[in-house]
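1. What shape does this take:
(one chain, ligands or ions: 1)
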Amino acid sequence: SFRSSTSPCQTSSRALAEAMQRHLFFSQAKSPSLATRHDHYRCLALAVRDRLLHNWVDTAETYTQAQVRTAVYLSAEYLLGPHLDNNLVNLGLRQEAEQACHELGLDLEELIREEPEPGLGNGGLGRLAACFQESMATLELPAIGYGIRYEFGIFRQQITTQGQQESTDSWLAQGNPWEVIRPEWSYPVTIGNHTVIGVAYDTPILGYGVRTTNTLRLWAASAPEALDFASFNAGDYTKAVLHKMQSETLSKVLYPNDEPEQGKRLRLSQQIFFVSCSLQDMFRILRGQGLPAREFHRKFAVQLNDTHPAIAVAELMRLLLDEHRLDWDTAWGVTTASLSYTNHTLLPEALETWGIDLFQQLLPRQLEIIYEINARFLRMARIRYPGQPDKLARLSLIEEGPHRKVRMANLAVVGCHHTNGVAELHSELLRRHVLADFAELWPDRFTNVTNGVTPRRWMAVANPALANLLDDVIGSHWRRDLTHLQALGKHTGDDAFLQRWRGVRDASKQRLVQHIHQTQGILLDHSSLFDVQVKRIHEYKRQHLAALHVVERYLRLRNGEDLPPRTVIFGGKAAPGYAMAKLIIRLIVGIAEIVNMDPAMAGRLRVVFVPNFSVSLGQLIYPAVDLSEQISTAGKEASGTGNMKMALNGALTIGTLDGANIEIRDQVGADNFFLFGHTAEQIHEFDRMGYHPMPWIEKDPIVREVIELIGSGHFSEGDRDLFHPLLANLTSHDPFKVMADIGDYRQAQNHVDACWQDPSRWARMSVANTMGCGFFSSDRSIQEYAERIWKVAPVPVEATT
Ligand SMILES: CCc1ccc([C@H](C)CC(=O)N[C@@H]2O[C@H](CO)[C@@H](O)[C@H](O)[C@H]2O)cc1
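-> Below is the predicted model of the structure:
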C-alpha cells in the first residue's frame with residue numbers, strides 16, 4: 001500500500017514493534033511484566049506519533065517559508081473521534097501495526113479500543129468540523145483549526161429503564177499522547193474585569209496519502225497568576241487559588257445542548273475566549289511573516305462554524321482599531337474580507353442572541369463596536385429601503401423590546417463576505433425565510449456548500465472489509481477521490497460481486513451483533529433487517545415517529561400478520577435539560593423492554609437503544625445498517641451527515657425531502673430511496689394556514705390504537721401518566737407534523753418489507769447507494785469552500801527535516 005510517512009523512522013512492523021518496546025521503558029517507565037493494556041496502547045500511539053512528526057514539522061516549515069494564504073476554521077466544537085486507527089490508515093501503517101502487535105503478542109483492535117474518545121462536540125456541527133480538518137489536510141490546503149480544549153467533553157450516557165443518565169467524560173484522565181502543549185503561544189483575554197490566559201494545545205491532523213499534517217489548535221484557560229500569594233500568606237488558601245479556579249472553569253466543560261440556551265454567561269465567555277486567542281495567534285503569525293495588520297485578509301480566510309464564533313466580527317475590529325490603530329473603514333474592509341459564515345440550523349430558537357446587559361458586563365468594548373457597526377449598517381439600509389421601519393428592525397443587529405439583545409446571526413451576515421447553508425434546500429430556506437431580508441440586500445453573499453463526510457474514517461477505517469472489496473473491483477483511487485465509486489456501475493449485474501457485497505455487509509452486521517451482545521446481553525439476528533436511527537434526540541428528528549411505527553409493527557405481528565424479521569436500533573444523546581427528548585428515550589426503552597420479552601416477537605422483532613452513541617460507536621454501527629432512518633420534518637434538518645455515512649456504506653434510506661436527503665435521492669436514484677412525507681413547502685403551508693393532528697388521527701385507526709396502547713401504560717409498567725406529555729403534544733398541536741406523515745411513512749415501510757424479501761434486488765439497491773455517494777465526500781465540500789469562498793490553493797509539503 002502507499003506510504004505517506006516518509007519519516008526516517010523505520011516503518012516496518014519490526015521497527016514499529018521495537019519502538020513500542022522502547023516507549024514502554026522510556027515513556028511509560030514500565031517493564032513488560034507490569035505493563036497494562038493502556039500502557040501498550042500509549043506505546044503504539046507514541047510510536048505512531050514519532051512517525052508523523054516529520055510530516056508535521058515539515059508542514060509548518062513549508063507554510064512558513066512559502067508565506068501561504070491560509071484557511072482558518074473557528075469552531076466551538078470538534079467531534080474528532082479516536083485518533084490511533086485513523087492515523088494508522090492515513091499514514092499507511094495499518095498492516096505494519098497489526099503485524100507489530102502480533103509479534104508482541106498484543107491485539108491491535110484491543111489497543112485501539114483503549115483510546116478515550118475526544119468528545120469535544122455535540123453532534124453534526126462538531127463532527128463536520130472534524131471531517132473538514134481531515135479533508136483540508138488531504139487536499140494539501142494550508143489550514144488551521146481553532147477551538148476549545150474542554151477538560152470534560154460530551155457527557156457519557158447510561159441507559160436504564162428510567163431512560164438517560166449522564167456522567168462526566170474525563171477523557172484526559174490518562175493523559176493524551178495526541179497533543180503537544182505550546183505554552184509559548186498563550187494570550188490574555190479580558191472578560192468583564194477578569195483576564196484569563198489561553199494556552200495552546202496542538203493536535204496533528206494527518207492528510208491521506210500526502211505529507212500534509214495540519215494543526216488543530218485548542219485553547220485551555222488558565223489564570224495569569226497560578227497563586228495569589230498575599231491570600232496564601234494570610235492563610236486564606238481558598239482565596240489564594242480562587243482566581244485560578246475561576247479562570248480554568250472557562251474551558252472546563254462543553255455545553256451539552258445542540259440548541260442554544262439563552263443567556264449563559266460562561267457560554268459567551270467561552271466564545272470570546274477562543275475567538276480572541278485565535279485572532280491574536282493569527283496576528284502573531286502575520287507579524288512573523290513581516291506582514292502588516294491591514295494585510296490580514298490577504299493571509300487568512302476565516303470560516304465561522306455557525307454563530308458560536310460570530311463575536312469574531314467585533315473582536316477582529318477591536319484588535320485592528322485598538323491594537324493595530326487602523327481607521328474604521330480600513331478595519332471594516334479587512335474584517336469583511338476575512339470572514340465567512342456557515343449556518344447549520346433553521347430552528348428560529350436556535351439562532352443565538354445575547355442580552356445587552358450581559359454583553360455590557362462582559363464585553364463593553366466589543367458592544368460599543370457592534371453599536372457602531374449597526375449604526376453604519378442601518379444608515380446604509382435606511383437609504384436603500386426608505387420608509388420600511390419593519391425591515392430595518394428585522395435587519396438590525398439589535399433586537400429591541402424589553403430585553404434588548406444582540407443577534408449573532410445578523411452580526412455574522414453583516415460582517416462576512418459570504419454566508420452559506422449546508423444543503424441546497426437549507427440554503428434556499430435561509431434565502432427565502434430566516435435571512436430573507438439580507439439575501440434580498442446582498443444576494444451574491446449567499447451561497448450553498450452541501451455537507452460531506454470523510455471516506456477515510458467513515459469507510460476505510462470503519463468498514464475495512466468493504467473498503468478492500470472496493471479496492472479489489474474498482475482500484476483504491478476512491479479513497480482520495482470518491483467519484484471513482486461510479487465505477488461500481490459495471491458490477492451491479494455481476495452475481496458473484498453481489499454475493500461478496502452481501503457477505504461483507506453481513507460480516508459488519510455480525511460484528512455489531514457481537515458488540516451489542518457483549519455490552520447489553522441482547523442477542524440479535526444478523527439476518528434480520530437492521531433498521532437504524534442514530535443521531536441526537538430531538539423532536540424535529542422525529543424518533544417518536546419511528547417509535548410509534550415500531551408499536552404498530554408489534555400490534556400487527558401480535559394480530560398474526562407475517563412481516564419479515566426486523567431489528568430496530570436507536571441511539572443518541574438528549575440534551576440534559578430537554579425533557580421531551582428524554583421522555584422519547586424512555587418510551588423507546590419501554591417499548592424495547594416489552595417487545596424483547598414477548599415470545600410472539602421472537603425471531604420477528606427486536607428493539608434496542610444502544611447507549612452512549614459516539615464517533616467510535618458510529619464506526620461500528622454505520623457499516624451494519626440496512627435501512628437508514630432520515631425522517632425529520634421537512635424543512636427542519638439543515639443537512640444531516642449520518643444519512644451520508646449510512647448510504648456510503650450501502651444502506652438504503654427511508655426519508656423525507658429534507659436537508660441532504662434530497663440530494664442523496666438525486667444521486668442514488670429515486671428507485672433506490674424510500675421517500676415519504678410532506679414537503680417543506682407543504683409543512684410551511686400547514687403552519688401558515690393552521691394545523692391540527694386530530695383529523696389525521698381520526699382517519700387512521702391503527703394510530704389511534706397505538707396511542708391508546710401507549711397511554712394505557714403498556715410500555716411503562718402500567719403507569720398511564722408517564723407518556724402523557726408526549727401523547728398530549730402529539731394529539732393537540734403536534735408541531736413536527738408526526739400525524740400528518742405517519743400514514744405515508746407506513747406505506748413506505750411496507751414497501752421496504754417488500755423489497756427486503758428480494759435479497760439480490762436489495763443488494764443491487766445497496767450497491768447503487770454506495771455508487772451514488774461520491775458527491776458526499778467532505779473533500780468535495782472543502783474543494784468548494786476553497787475555490788468559491790476562501791480562494792485558498794493547495795501547497796504540497798516538501799520534506800525539509
Ligand atoms: C449549544 C448551542 C448549539 C446550537 C446549535 C448547534 C448546532 C448548530 C446544531 C447542529 O449540530 N446542527 C447540525 O449541523 C450539521 C452539520 O452541518 C447538519 O448536518 C445538521 O442538519 C444540523 O442539525 C450546536 C450547539
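2. which bits of the stretch 301-450 of the chain sit near the ligand?
-> 306, 344-345, 350, 422 (C-beta under 6 Å from any ligand atom). Placement of C-beta: from N, CA and C, glycine included.
3. Could you dump these into CSV and include neighbour count?
-> As requested, these are exported to CSV (neighbours: other C-beta atoms under 10 Å):
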residue, neighbour count
Asp306, 26
His344, 20
Thr345, 25
Ala350, 18
Val422, 28
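4. Identify the residues contacting stretch 168-176?
-> 38, 42, 116-119, 151-156 (C-beta atoms under 8 Å, 6 or more residues apart in numbering).
5. Would you mind putting the CA coordinates of it into CSV?
-> In CSV, the C-alpha atoms belonging to stretch 168-176 read as follows (Å, rounded to 0.1, in the frame of the first residue of the first chain):
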residue,chain,number,x,y,z
THR,A,168,-18.8,13.1,33.4
ASP,A,169,-16.5,12.5,30.4
SER,A,170,-13.0,12.8,31.9
TRP,A,171,-11.3,11.9,28.6
LEU,A,172,-7.9,13.4,29.8
ALA,A,173,-7.7,11.4,33.0
GLN,A,174,-5.0,9.2,31.5
GLY,A,175,-3.3,12.0,29.5
ASN,A,176,-3.4,12.5,25.8
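6. got the buried residues for it?
-> Within stretch 168-176, the residues that qualify as buried by neighbour count (16 or more other C-beta atoms under 10 Å) are 169, 171, 176.
7. can you list the residues of the stretch 601-750 of the chain near the ligand?
-> So far as C-beta under 6 Å from any ligand atom goes, the stretch 601-750 of the chain lies against the ligand at 637-641, 659.
8. quick check, stretch 69-84 touching the ligand?
-> No - Stretch 69-84 stays clear of the ligand (C-beta under 6 Å from any ligand atom), getting no nearer than 6.7 Å.
9. Now the terminal residues of that stretch, how far apart.
-> 30 Å (C-alpha to C-alpha, to the nearest Å).
10. What of stretch 142-153?
-> For stretch 142-153, the end-to-end distance is 28 Å (C-alpha to C-alpha).
11. cool, and stretch 557-576?
-> 35 Å.
12. buried residues in it?
-> 557, 565-575.
13. cool, and stretch 288-307?
-> In stretch 288-307, counting by 16+ other C-beta under 10 Å, buried: 293, 296-297, 299-307.
14. what separates it from the chain centre, distance-wise?
-> 25 Å (C-alpha atoms, centre = their mean, to the nearest Å).
15. Could you export it as CSV, CA atoms only?
-> What follows is stretch 288-307, C-alpha atoms only, in CSV (Å, rounded to 0.1, in the frame of the first residue of the first chain):
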residue,chain,number,x,y,z
GLY,A,288,6.2,36.6,12.0
GLN,A,289,5.9,36.9,8.2
GLY,A,290,6.5,40.6,8.3
LEU,A,291,3.0,41.4,7.1
PRO,A,292,1.1,44.5,8.4
ALA,A,293,-2.3,44.1,10.1
ARG,A,294,-4.0,45.7,7.1
GLU,A,295,-2.9,42.6,5.1
PHE,A,296,-4.7,40.2,7.5
HIS,A,297,-7.4,39.3,4.8
ARG,A,298,-4.7,38.5,2.2
LYS,A,299,-3.2,35.9,4.6
PHE,A,300,-6.2,34.4,6.3
ALA,A,301,-9.7,33.2,5.1
VAL,A,302,-11.6,32.6,8.3
GLN,A,303,-14.7,30.4,8.4
LEU,A,304,-17.2,30.8,11.3
ASN,A,305,-18.7,27.4,12.1
ASP,A,306,-22.3,28.7,13.0
THR,A,307,-22.8,31.8,15.2
